[in-house]
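Trainee: what shape does this take:
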Amino acid sequence: MSKSSNSSNFFNLSVSSDPLETAIANVSRRFNREYQGGAFDLPPEVETLEIFRDRMAGTLAEKITSPFWEIAKPHKNQRCLDIGCGVSFLIYPWRDWEALFYGQEISSVAQEALNVRGPQLNSKLFKGVTLAPGHQLQYADHQFDLAIATGWSCYYPLSYWELVLKEVKRVVKPGGDFVFDVLIPDAELAEDWAILETYLGTEVFLEPLENWEKVIKATGAKLLKRKPGTLFQLYKIRF
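Mentor: Numbers count the residues shown, from 1 in each chain. Prediction:
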């Protein structure tokens, strides 16, 4: 099942001169802290932002969650790979879909939590979560019917996403779909959300949507659907 890689290098970092390694390590630390319920020390001017108040009130999640199943619902017995899955199997209706869930994540906290809780929820559907970044998928060629990646593309430059797309193309079956979301740079809350995320420990890239679509087309993929949300736009593509 696994593909050999040097992914473990990304999870033993203190100081790195490589911008990609630094970005991956920062995202990993930021979400480890969040999943552990750790506090973030934010300046007063950030705490006055509406988006920060939404975060504290618990209403931000619905604005930043991309309902991938509305444009690519997993089907019974499909092999589905959720890249950057977080705790997806615990909060989305995978059992109702009866799809086989495989995950990959860079937060060790999320990975460990899913690998403990997932088999308890449904050992038939849950196939485990590996710890590795999105450009080093730990799976065999043409293994999946559907791949998903939501909530994290904005933390990396487009050049990184080109690497991710290449890997997804490798692991998805011919004719299989890939669903992912990107930040809408001119959305009303985009700049404030980027400021908040910066103080939470992760840089956000405000990239024009047309640039994303150029990268998609450069892979030879067909853009099947777009679904805009409050902050993020979903894409469904097929290689």
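Trainee: might you list the low-confidence residue ranges for this structure?
Mentor: Scanning the chain for pLDDT under 70 picks out the ranges 1-17.
Trainee: buried ones in the longest strand along the chain?
Mentor: For the chain, the strand that runs over the most residues, judged by DSSP state E, is strand 172-183. Within strand 172-183, the residues that qualify as buried are 172, 176-183, counting by 16 or more other C-beta atoms under 10 Å. Every C-beta, even on glycine, is put in place using the N, C-alpha and C of the backbone.
Trainee: cool, and stretch 88-102?
Mentor: Here stretch 88-102 shows 88-90, 92, 94, 97, 99-102 as buried, counting by 16+ other C-beta under 10 Å.
Trainee: same check, this time on stretch 22-31
Mentor: Residues 23-31 are the ones in stretch 22-31 that count as buried (16+ other C-beta under 10 Å).
Trainee: sorry, back to before: of the buried residues of strand 172-183, which pair is most distant in space?
Mentor: Among those, the pair separated by the greatest distance (C-beta to C-beta) is 176 and 183, at 24.9 Å.
Trainee: what about the residue lying closest to residue 201 once chain neighbours are set aside, which SS state?
Mentor: Nearest residue to residue 201, sequence neighbours excluded (C-beta to C-beta, 6 or more residues apart in numbering): residue 30, at 4.0 Å. Three-state call for residue 30 (DSSP: H, G, I helix; E, B strand; the rest coil): helix.
Trainee: residue 200 is in contact with residue 30, correct?
Mentor: Yes - counting by C-beta atoms under 8 Å, residue 30 does reach residue 200; the two are 5.6 Å apart.
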